[in-house]
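> I'll drop the sequence and a predicted model, then ask my questions.
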Amino acid sequence: ARTVARKDDTCSKGTNERKKEEEETIRRGWKGALGTVLVAVLAVGCFQAKKRSGGGLEETQIKQAEETRQACPHASEVQATLYRILGNEVPGRHKQGQTLQNLQYMLEHEPEFEGWRRRFVLNRMVNQTLERQIMDMLEGRGLDYLHIEFKKEEYRRITLDTDCLPHPQYLLGDEFNRLKESRQARLMFSIYRLKNIYVYNNNGARNVALREGKRLGNWTLPWDGNCFLEKQGWMDLSEAMRSSNVHYLTVPMRRLVELPHDSPANADCLVVEEPQIAFYCTSNYTFNEEFYYGHLSKVELLKRLGASRTWTWPEDMGFGLRCPKSDSSTWRDMQNRMDVTVGSVARLPSGFDALEQGLNTPSSRNKARVQGSIDFLFSLDLDLQQQTLNDTIFYNLGGLEVEQSLYQQGKDPHLQALVNCLIKDGESILSRRAGDTRAELGRELKESRSCIGSHNSPTSSHSRDNQAVPPPLKKTSIDAQQCGHPHSTQTATLHRVASDVTVCALASFFNGNSTFAQHAAEQLSSLFLDQQAALLPNLTTDSSSGTQARWELHDIVSMHHLLDAVRLLASSGFLEQVLIERLENWLHDLHQFLTGTALGKEALQATGHNGIFYDLVVASVAAYRNERFTLIKALARAQSRISNRFSQGILELERGQFATAEDMVYDCEGWVSMAYLSERLGNPLWCYRDRNGYSVEAWITLLLERARSLSATSRKPTLTSRIEALGFLINQPTCTTESAGTRMDKYAFRSALNYESAVRPYWNLGLTPTL
C-alpha cells in the first residue's frame with residue numbers, strides 16, 4: 001500500500017493517547033437508551049516514514065500482498081449503513097445554525113432506503129445547546145446516533161504543534177517574516193493541528209463510524225454531515241454494491257448553492273468537490289487521523305486508493321503533513337483495489353452564497369476555513385479558561401473576588417497576612433505624594449538624560465547574542481557607558497512605577513480604599529501625560545546620535561502586569577479617557593517598534609533570556625489591544641523557543657555564562673511568566689514536550705537546582721524568596737510530576753514587593769487553579 005506515516009510520538013500526542021477513547025458510547029435515540037459500541041479492530045498495513053528536509057513527512061511505498069475481496073465474515077440483511085457526521089460549525093465558513101437547518105431539511109425530504117440503515121454521528125460538539133437540539137430531533141424520529149463527547153479536560157491539555165515547523169527557530173527568522181499574511185495564517189493553522197484534530201475530529205469520527213458499520217452490514221458510508229442522498233443516487237449505489245467486486249466505491253459530490261424547495265435533483269449545483277467513499281466490510285484502509293479538517297483529511301485516503309482525480313486540490317496544502325502523490329502507475333497491478341465511481345450525492349449549502357459559486361470560491365472557502373478555524377479554536381481556548389482579552393490575565397478577576405471575600409471574612413490566616421502585607425506596601429507607596437513623585441521623576445530624568453538606555457540586566461555576563469536591542473536615544477555626546485549609575489534612571493523608574501501602580505491597584509481592590517486607586521492613576525498620568533517627566537522610552541530613532549548604548553527588554557517587561565493594573569483601574573472608573581487613549585497610542589508605537597524595526601528584529605531573534613522577554617511583552621501588548629493574530633504568533637513563537645533554549649542553555653551552563661544565581665533566576669522568571677500567560681490564553685505551555693523531550697519545566701528545574709546551590713552562601717533573602725516562588729510555580733500544573741497533595745499553601749509565601757523580580761508583584765493573589 002502507499003500511505004503516509006504518522007509523525008513522531010511527540011508530534012502526535014493527543015491523538016494516540018485518545019485512541020481507545022474513539023470507541024465511543026452509542027447513544028440511541030429510541031427512548032434515549034445508552035449502549036456500548038462494539039468495535040472490530042481493523043488491521044492496517046505497517047509503514048515506515050522518512051523525514052523530508054524542511055519539515056513534515058514524505059510518503060513511502062510499502063510492499064503488501066494484493067487484497068482479494070472476500071465475503072463478509074458475518075451474515076447480514078443490511079446492505080449498507082449510511083452515516084452522516086455532524087460536528088462543529090466554523091465561523092465565517094458555516095452560517096450559525098446551518099447544521100440544524102440542513103438536518104431538518106434532510107429528515108423531511110430524504111427518501112427511505114430499503115435494505116439500508118441510516119445513522120448519525122454527533123461529533124464532539126462544543127455547543128451543548130445545539131447538540132441537545134439535534135439529539136431531540138433525531139430521537140423524535142426514532143433515529144439512532146453515535147455520540148462522541150467533547151471532554152473539556154482532555155482538550156485543555158492539548159498544546160500547539162510547533163513540531164510541524166521546518167526547524168525550531170523558523171518563527172524567529174526572516175523566512176517566516178517574508179511570508180505573505182495568508183501563508184503565515186496557513187502556518188498558524190498547521191500549528192493548531194492537534195487542537196483541530198480533537199475538536200473537529202474529522203477522520204476520527206469517520207473511523208468510529210467505519211468500525212461500527214462493518215459490524216452492522218456489508219457496506220459502510222461514513223459521510224459528511226451535509227450530504228443528501230437522492231433516490232436515484234441510492235439506486236445506482238445499491239446496484240454497484242451488488243454487482244461490483246471492489247472494496248471501495250467513490251461517489252461524486254454536487255455542491256448546492258441553496259436549499260431547494262423540493263428535490264436537490266432540480267437544484268443548481270457544481271460537481272467540483274472530492275467524492276464521498278463507501279467501504280466494503282473486508283476493506284483494510286481507514287482514514288489517517290493525523291490529517292485534519294482543512295488539510296486534505298479525506299483527499300489523503302482518496303490518493304492512497306488511486307481514485308480518479310476529478311477534483312482539483314494542491315498536493316501540499318501547507319506545512320508538516322503531506323499527501324501521497326497521485327500516480328496511477330502505482331496501482332496497475334492492484335485492480336481489485338481500484339475504486340469504481342458511481343452515482344452522485346448532493347452537498348447541502350453552508351449558508352454563505354458567496355462561498356458556494358464562482359471561479360475563486362475554492363480559494364475563498366479555503367481562506368474562510370483557515371481563518372474561521374483559528375478564530376474558533378482561539379475563542380474556545382479563552383472560553384474554557386473563562387477568560388476574555390478585556391479581563392485581567394495575570395491576576396484572574398474571579399480568583400481575586402473569591403480572595404477578597406475570604407479576606408473580609410478573615411477565614412484564611414495565611415491570606416489575611418499576605419493581604420495585610422500588600423496593604424502595608426501600598427501605604428508605604430502612598431506616603432510619597434504624587435506631586436513630589438512627579439517632580440522627583442522629572443528631576444531624575446533631566447539629570448540622567450544622557451544615561452537613557454545604559455541599564456545592564458542581571459544577565460550582563462551573557463554573550464552579546466543574548467543582548468536585546470539598543471534603544472533609540474535622544475541626541476547626546478555622552479556615551480552611556482560613562483554613566484556612574486548601574487541602572488538607567490528612566491528604565492529603573494519605569495519598572496518601579498509599574499510595580500507601584502500594580503500594588504496600589506491590588507490594595508484598593510482588597511480594602512476598598514479609593515486613595516490607593518487614585519494614587520495609581522496619578523502615577524500613570526506621570527508616565528503618559530506629563531510632558532516634563534515622560535518616563536517611557538522615546539520610540540523614534542535618532543540617526544545623529546553616536547551613542548551605542550543598549551537597553552534590555554527587562555526594562556519594559558513589567559508592562560505585562562502594568563496592563564493588568566490598568567484593566568483593574570479602568571473597570572473601577574479611576575482612569576480618565578484621555579489617559580487611556582494616550583496609553584493605547586503609546587502601546588501602538590511600542591508594538592510598531594518591536595515588530596517593525598531592525599532593533600525589534602534583533603530582540604526577536606535573541607536566543608537567550610531576551611527572546612522570551614520579547615514574546616512576553618509582545619503577547620501582553622497584543623492581548624491588551626485585542627490583536628489576536630499577533631498574539632497567536634507570539635504564543636507559538638515562545639513554545640518554539642523551548643528546544644533551542646534547552647540545548648543552548650546547557651552549553652551556557654557548561655561554559656559558565658550563567659555567572660550568578662541571579663542570572664539563572666532572572667531567566668526562569670521570564671519563562672514562568674510566559675508559561676502562565678500562555679496557559680491563561682489556552683495553550684498549556686507546561687504540558688509541551690518537544691520531540692527530544694525538552695520542556696519548560698525541565699529547563700527551569702535544572703536552573704533552579706544550580707541557583708539554589710549558588711545562593712546557599714549568598715545570604716540574600718530576596719533571592720531566596722524568588723527561588724522559592726519559582727519552585728512553587730513550576731509545581732502547580734498537573735503536567736508536572738509533583739502530586740497536588742504535596743503542594744504548599746500558596747498564601748504561605750510572602751511575595752512582598754520586590755523591584756528586582758521579573759515576576760508580577762504579589763504573584764500568589766489571583767493565581768487561578770491550573771489544569
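On my side now, so go ahead.

> please report how far Asn245 lies from Val617.
The spacing between Asn245 and Val617, counted by CB to CB, to the nearest Å, is 65 Å. For glycine as for every other residue, the C-beta is placed from the backbone atoms N, C-alpha and C.

> which parts of the stretch 51-200 of the chain are strands?
Using DSSP state E, counting those that start in this stretch, the strands of the stretch 51-200 of the chain run over 57-58, 60-61, 80-86, 116-123, 144-148.

> surely Pro275 is in a strand?
Yes: judged by DSSP: H, G, I helix; E, B strand; the rest coil, Pro275 forms part of a strand.

> so which helix or strand takes in Phe319?
Taking DSSP states H and E as the definition, Phe319 sits outside all helices and strands.

> for it, which non-adjacent residue is closest in space?
Nearest non-adjacent residue to Phe319, counting by CB to CB, 6 or more residues apart in numbering: Ser190, 4.3 Å away.

> returning to what we had before: adding mean pLDDT and distance to Glu697, write the strands of the stretch 51-200 of the chain out as TSV.
What follows is these, written out as TSV (pLDDT from 0 to 100; distance: least, CB to CB, whole Å):
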stretch	mean pLDDT	distance to Glu697
strand 57-58	26	28
strand 60-61	27	35
strand 80-86	97	38
strand 116-123	97	33
strand 144-148	98	32
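
> now do the contacts for the closest residue in space to Arg641 that isn't next to it in sequence.
Distance criterion CB to CB, 6+ apart; nearest residue to Arg641, sequence neighbours excluded, is Gly611 at 5.6 Å. Gly611 sits next to 172, 603-605, 641, 645 when contact means CB atoms under 8 Å, 6 or more residues apart in numbering.

> give me the PyMOL select line for those, limited to the buried ones.
Only the buried entries of the contacts of Gly611 go into this PyMOL selection, using 16 or more other CB atoms under 10 Å:
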select buried, resi 172+603+604+641+645
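
> out of the contacts of Gly611, list just those in helices.
603-604, 641, 645 (DSSP state H).

> what is the nearest of the residues you listed to Ala634?
Leu604 (9.9 Å; CB to CB).

> ok, and the closest non-adjacent residue to that closest one?
Once flanking residues are discounted, Leu604 sits nearest to Tyr614: 5.7 Å by CB to CB, 6+ apart.

> what strand or helix carries that neighbour?
Using DSSP H and E, Tyr614 falls within helix 609-624.

> using PDB, write down the CA coordinates of that helix.
C-alpha atoms of helix 609-624 as PDB (Å, rounded to 0.1, in the frame of the first residue of the first chain):
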ATOM      1  CA  HIS A 609      16.600  35.400  28.100                       C
ATOM      2  CA  ASN A 610      15.700  38.400  26.000                       C
ATOM      3  CA  GLY A 611      13.900  36.200  23.500                       C
ATOM      4  CA  ILE A 612      11.300  35.000  26.000                       C
ATOM      5  CA  PHE A 613      11.000  38.500  27.400                       C
ATOM      6  CA  TYR A 614      10.300  39.800  23.900                       C
ATOM      7  CA  ASP A 615       7.500  37.300  23.400                       C
ATOM      8  CA  LEU A 616       6.100  38.100  26.900                       C
ATOM      9  CA  VAL A 617       6.000  41.900  26.100                       C
ATOM     10  CA  VAL A 618       4.600  41.400  22.600                       C
ATOM     11  CA  ALA A 619       1.900  39.000  23.700                       C
ATOM     12  CA  SER A 620       0.900  41.100  26.600                       C
ATOM     13  CA  VAL A 621       0.500  44.200  24.400                       C
ATOM     14  CA  ALA A 622      -1.300  42.300  21.700                       C
ATOM     15  CA  ALA A 623      -3.700  40.800  24.300                       C
ATOM     16  CA  TYR A 624      -4.500  44.300  25.600                       C
END
